[in-house]
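Undergrad: Here is my input; please provide its structure:
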Amino acid sequence: MNFFDLHCDTISKCFFKRKKSMLKNKYHIDIERGKFTFEKWFQTFAFWMPDTINSDKAYDLFLKQYKYMEKFELPIYSKSFDSDFKAILMVEGGLLLGKDISRVDELKNKNIKMLTLTWNNENTIASGALANGGLKPFGKQVVRELEKKNIVVDVSHLNEESFWDVVKIAKKPFVATHSNAYNVCGHVRNLKADQIREIKNVDGIIGLNFYKLFLEDNCRNGIDALMKHIDYFLKQDCEDVLSVGSDFDGADMPDDIKDITCVPKIKQHISKCFGEDIANKIMFENAKRFFEKTFN
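TA: Presented below is the predicted three-dimensional model:
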């Protein structure tokens, strides 16, 4: 099968765990298992920025993680999917920008394709899901500069006020790389119905998150819970919007989604519940089409 994942934290996980190998490890994702599991595999790897450090330390942390990643010589996506495996690069947490807009150029030069504006708390750009307040004056400048540099704005982790502030000024499609449906699981990190409609209206995409706390209260069967989210999204006319943002190596997974080798089982369930065409769109085609339209 083919798989396109909009979000994992494997680079950061391996880096923080005494620089374990991305090629082979015991975490949710390694390159060996991914290549074995899929015919075509396009994986977005996030450089995660914790909220507990200042912007200069965050930027330094990004550079260190980037240097660590480079030694594995991954085929980095730029403008075309010309091989069966591509690594797409993003940053999770705009904290690393501080108030230095020139750092957007640095991200562009390093082939960063998406930026999650915040993690859970407040930074110089906006407020995350666990904070109060909206998009800040510098944040408005950041959104405009990201769009100018063709780096996609990721609204996952934003609180509602910041989300709607982005809507007011965004000129290009934005995405929620790893967020589920609030009406299915009422976690603050999930998207409410009007937010889902807005992402659809701007031709963005939404990545289903496998984190058990975002799937269901007291989640016991992650795949069954995931089907409930998919059913809800499809009823919101999101057949061409919905994709996957697993959050592998960044969150606790349900027992039945223990790592990347479980993804084919998820696709089988989607096909059984909603049909093969829908399964192909969610697992691969929607995200691939968005990237090709955005970056080619």
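Undergrad: Check which helices and strands the lengthiest helix in the chain is in contact with.
TA: For the chain, the longest helix by residue count, based on DSSP state H, is helix 55-70. Here helix 55-70 touches helix 10-16, strand 40-48, going by 3 or more C-beta pairs under 8 Å, 6 or more residues apart in numbering; DSSP states H and E. Glycine gets a C-beta too; all of them are placed from N, C-alpha and C.
Undergrad: Of all the ones you listed, which one is nearest residue 286?
TA: Of all the helices and strands packed on helix 55-70, it is strand 40-48 that lies closest to residue 286, at 11.9 Å by C-beta to C-beta.
Undergrad: neighbouring contacts of stretch 138-155?
TA: 90, 92, 94, 97, 99, 101, 104-105, 107-108, 112-117, 124-126, 135, 162-163, 165-166, 169-177, 195, 199, 294-295 (C-beta atoms under 8 Å, 6 or more residues apart in numbering).
Undergrad: Give me the subset of the residues you listed lying in strands.
TA: Among the contacts of stretch 138-155, DSSP state E puts 90, 92, 112, 113, 114, 115, 116 in strands.
Undergrad: The first one pairs with what?
TA: It refers to residue 90. Counting by DSSP bridges, residue 90 forms beta bridges with residue 46, residue 114.
Undergrad: Quick check: the gap between it and residue 272.
TA: Going from residue 90 to residue 272 by C-beta to C-beta, to the nearest Å gives 31 Å.
Undergrad: So which of these two has more stuff around it?
TA: residue 90 (23 against 11; other C-beta atoms under 10 Å).
Undergrad: My guess is the more buried one contacts residue 49. True?
TA: No - taking contacts as C-beta atoms under 8 Å, residue 90 lies outside contact range of residue 49: 11.3 Å.
Undergrad: which SSE is the residue of the chain most remote from its centre in?
TA: Relative to the centre of the chain, and counting by C-alpha atoms, centre = their mean, the farthest-placed residue is residue 272 at 25.7 Å. Using DSSP states H and E, residue 272 falls within helix 263-274.
Undergrad: For that helix, name the packing helices and strands.
TA: For helix 263-274, the packing partners by 3+ C-beta pairs under 8 Å, 6+ apart come out as helix 222-235, helix 276-280.
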